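> just the structure for this:
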Amino acid sequence: MTSPYECLPGRQFWKLAIEGKDPNSISSLYKKKFSIDGLKIATAGSCFAQEIAKGLRKNGYDVIDSEPAPESYLLRGKVANSFGYGLYSARHGNIYTARQLFQLAREALGDSPLDPALYVWTKGGRYYDALRPNVEPEGLSSPDEVVLQRLDHLRRFRRVLKECGLFVFTLGLTEAWMHDVSGLVYPTAPGVVAGDFDPDVYSFKNFRFFEIYEDFLAFRELVLAVNSSAKFLITVSPVPLTATYCDAHVLSATVRSKSILRAVAAELYEQFEDIDYFPSFEMFSTPFLGSALFKENRRSVHPSGVAAVMKVFFSEHIPNSGAELTASPISDGKKQNQNASSAPQEGEDPICEDALLEAFAGGKKQ
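Below is the predicted model of the structure:
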């Protein structure tokens, strides 16, 4: 052997693996760390995690739905999705940061009950759960109703954590808004969906590498304490930031955020045998592949891009083509058929609170 590169496989050379190829012809991008066959799968994360859940359901995997939509003709399809049903394994809406995921798990497992004053926000005489503000688009009639809904949600999410075999999480953002005294992190800034911004109460937070890494490890430890056989699969959302609060161009802020999240994912993957990483972000972020995978706004993911990415995933996790498309509403302790009418359909745009920031884009131009 004249060089250590002499006998490497083609997937490790740009000329053989990428040059001249389109997204649908990419192969060997992903090698699974472990099998997910037969596992109850929970999904959570940023908006792109909704696309992964769709793909898993479509291909016969047992995706948990602990909070299915009520049996009502009024709550089907996109309407049900707009109320947070069918998007994830529990009705928590989008979870953009590892800190938000950790604090939800800690609250669900009973370690840190929250004062309702921290999460009941108001708008136009209606009341919202600030930790999942978009699941009731018109708000609720009283603070007590918000609290009762949250307690029910926590009970169901607790069962998800205890009974899932695989927890899939998409890392989405490093930027967040925090309650200064309690340290509570919110999925949206006060005043975007509900509530009012007070700079003496809330502050901007841009998480750093070790903070994100430690938050996910803390989440993992909580899960393993109640579910020792659980495994984890992480991804990084390829969707750029809608807006940044940093004093920086939104492109620069996006690259910073995604680079840190990708580095965290690499460290977790390399350090722990129960954590796998799926490189969906890589396909979208590579300019030679990614431009055609986005819509005209260069931010929203095109259905063909989702299809190309999921093709790579299912090249390793062979679809259960003969399996019944079911989910597991484990909140009542028994398996039922998936509420297909509330599951997001292929090609539909995901529900994203951060997209609401576009409403503020008419300000100062530079």
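> all strands for the stretch 1-150 of the chain, in order.
Using DSSP state E, counting those that start in this stretch, the strands of the stretch 1-150 of the chain run over residues 41-45, 120-123, 126-129.
> and the gap between E316 and L233?
E316 sits 11 Å away from L233, taking CB to CB, to the nearest Å as the criterion. From N, CA and C alone the C-beta is placed, and that goes for glycine too.
> of those two, who's got more company?
A count of neighbours by other CB atoms under 10 Å puts L233 above the other of E316 and L233, at 24 against 16.
> low-confidence stretches in this structure?
1, 23-24, 72-77, 111, 287-292, 294-302, 320-366 (pLDDT under 70).
> residue nearest the centroid of it?
With distances taken as CA atoms, centre = their mean, the residue of the chain nearest its centroid is G45 (1.5 Å).
> quick revisit: adding distance to L109, write the strands of the stretch 1-150 of the chain out as TSV.
What follows is the strands of the stretch 1-150 of the chain, written out as TSV (distance: least, CB to CB, whole Å):
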stretch	distance to L109
strand 41-45	14
strand 120-123	22
strand 126-129	19
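> tell me the most buried of the ones you listed?
strand 41-45 (a mean of 26; mean count of other CB atoms under 10 Å).
> what's that strand packed up against?
helix 48-58, strand 166-171 (3 or more CB pairs under 8 Å, 6 or more residues apart in numbering; DSSP states H and E).
> return the most buried member of these.
strand 166-171 (a mean of 26).
> listing partners with orientation, what would you give for the helix or strand just after it?
Once strand 166-171 ends, the next helix or strand along the chain (criterion: DSSP states H and E) is strand 175-179. Sheet pairing of strand 175-179 (DSSP bridges) gives strand 185-186 (antiparallel), strand 202-206 (antiparallel).
> so which of those strands is nearest L261?
strand 202-206 (12.0 Å; CB to CB).
> list the contacts of that closest one.
Here strand 202-206 makes contact (CB atoms under 8 Å, 6 or more residues apart in numbering) with T174, E175, A176, W177, M178, H179, D180, V185, A189, P190, Y245, C246.
> let's see it at 7 Å
T174, E175, A176, W177, M178, H179, D180, V185, P190, Y245, C246 (CB atoms under 7 Å, 6 or more residues apart in numbering).
> from what I see, the second one and A243 are in contact.
It stands for E175. No: counting by CB atoms under 7 Å, E175 stays clear of A243, with 9.1 Å between them.
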